[in-house]
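K.L.:
generate a structure from the sequence data that follows.
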Amino acid sequence: MAQGEEQPRDLEAILARHVVGAGARILDAPSGFGRRAVGLAEEGFDVTAVDENATGVEAASARIPSVIASRLRFRHVDRESLPGSEAGPFDAILSLDHPLGREAGARPAARH
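P.N.:
Now for the predicted structure:
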């Protein structure tokens with residue numbers, strides 16, 4: 001196993017414990033350069049990855065392997081609008097590196 005591969009597999013185990021399996025819709029926010037999002041898409045999840053860093057999103061989008069291109073999309077959103085994706089609802093939301101704030105009146109993005 002290459003360095004960094006353990007995180008998506010660890011996340012897959014955590015998601016499975018919460019009855020979120022392959023094929024589930026995942027929001028990764030903020031996604032950074034997309035290493036976690038790519039790994040999850042490779043494990044069979046449908047991933048929308050959002051981040052406020054437009055350069056990072058552009059770089060991540062350009063290197064999506066064709067074999068997972070139908071299960072992974074990157075979107076640039078402003079910090080104030082995170083998670084910022086109208087692609088929801090999602091089965092799970094990952095906010096592992098920088099927790100998302102909660103705003104009064106925000107529309108729920110996850111089913112559970």
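K.L.:
all contacts plus neighbour counts: C-alpha atoms, from now on.
P.N.:
Will do.
K.L.:
can you tell me the centre-most residue of the chain?
P.N.:
residue 28 (2.2 Å; CA atoms, centre = their mean).
K.L.:
quick check: end-to-end length of stretch 81-94?
P.N.:
Start and end residues of stretch 81-94 are separated by 16 Å (CA to CA, to the nearest Å).
K.L.:
go on, stretch 61-74?
P.N.:
For stretch 61-74, the first and last residues are 6 Å from each other (CA to CA).
K.L.:
can you give me the buried ones in it?
P.N.:
With burial defined by 16 or more other CA atoms under 10 Å, the residues of stretch 61-74 counted as buried are 61, 64, 68, 71, 72, 73, 74.
K.L.:
related to what we said a few turns ago, look up how far residue 54 lies from the residue nearest to the centre of the chain.
P.N.:
15 Å.
K.L.:
contacts only, for the residue lying closest to residue 43 once chain neighbours are set aside.
P.N.:
The spatially closest residue to residue 43, leaving aside those adjacent along the chain, is residue 22, at 6.8 Å (CA to CA, 6 or more residues apart in numbering). Shown in contact with residue 22 (CA atoms under 8 Å, 6 or more residues apart in numbering): 43, 44, 45, 46.
K.L.:
which residues of this structure fall in helices?
P.N.:
Here the chain has its helices, by DSSP state H, at 6-17, 35-42, 54-62.
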